[in-house]
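what follows is a predicted structure for the sequence shown.
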Amino acid sequence: LGIVGRSRKIQIEIARDHGLLDNYYACGGCLLTDDHFANRMKDYLKFNSDMKIDDIYILKVGRHFRYKNTKIIVGRNESENNLLLTLKKLNDLIIEAKDVTGPITIVQGDYDNNTLKYAAKLTLRYSDLDDLQGQVIFGTDYNNLAEEMTIEIENDKILKKYIL
């Protein structure tokens, strides 16, 4: 391959040619050197004693929030939305904006009405909603999101207070 020295220029060119730059980290590739991932891992270990490989995968996807004792994950794009649906656990709650393009939000763990409202606000905040109020649909089965809620969005400072 002609790779000599410490430069990664050739490896980056090869990765770019093969469409592999989505997970490139200039620091050597260890996800624990990424502050966001490291914070998510610390949070996971603080609230969970048993870790499976899918638990690690989901730490790499979306925007993560910790509200009280509940984990909320909001997809950033269609690819992450699909991955979240694949990685969600049986009892995880799914929230989606109604009648507007937006993220899939996964709520993991026990939640109360305030937690549900916060997760709904996050879902609408990261959607294409042009208004300050919108509707979400939710449930545990993506093919049957039967429950609805109308909610007002709050400002970013309040919403991002719990981001990991």
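Received, thanks.

any idea which helix or strand comes after the strand or helix carrying G134?
Assignment of secondary structure by DSSP states H and E places G134 within strand 133-139. Later in the chain than strand 133-139, the nearest helix or strand by DSSP H and E is strand 147-152.

average model confidence for that next one?
For strand 147-152, mean pLDDT rounds to 96.

buried stuff in that strand?
Residues 149, 151 are the ones in strand 147-152 that count as buried (16 or more other C-beta atoms under 10 Å). C-beta: built from backbone N, CA, C; applies to glycine.

tilt between it and strand 133-139?
If you take axes from the mean of the first three to the mean of the last three C-alpha atoms, to 10 degrees, strand 147-152 sits at 150 degrees to strand 133-139.

what does strand 147-152 contact?
98, 116-117, 120-121, 124, 132-139 (C-beta atoms under 8 Å, 6 or more residues apart in numbering).

alpha carbons of the strand holding G134, as PDB, please.
What follows is strand 133-139, C-alpha atoms only, in PDB (Å, rounded to 0.1, in the frame of the first residue of the first chain):
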ATOM      1  CA  GLN A 133     -47.000  23.800  19.200                       C
ATOM      2  CA  GLY A 134     -47.300  20.400  17.600                       C
ATOM      3  CA  GLN A 135     -48.500  16.800  18.000                       C
ATOM      4  CA  VAL A 136     -46.600  13.600  18.700                       C
ATOM      5  CA  ILE A 137     -47.700  10.000  18.400                       C
ATOM      6  CA  PHE A 138     -46.200   7.400  20.700                       C
ATOM      7  CA  GLY A 139     -46.200   3.800  21.800                       C
END
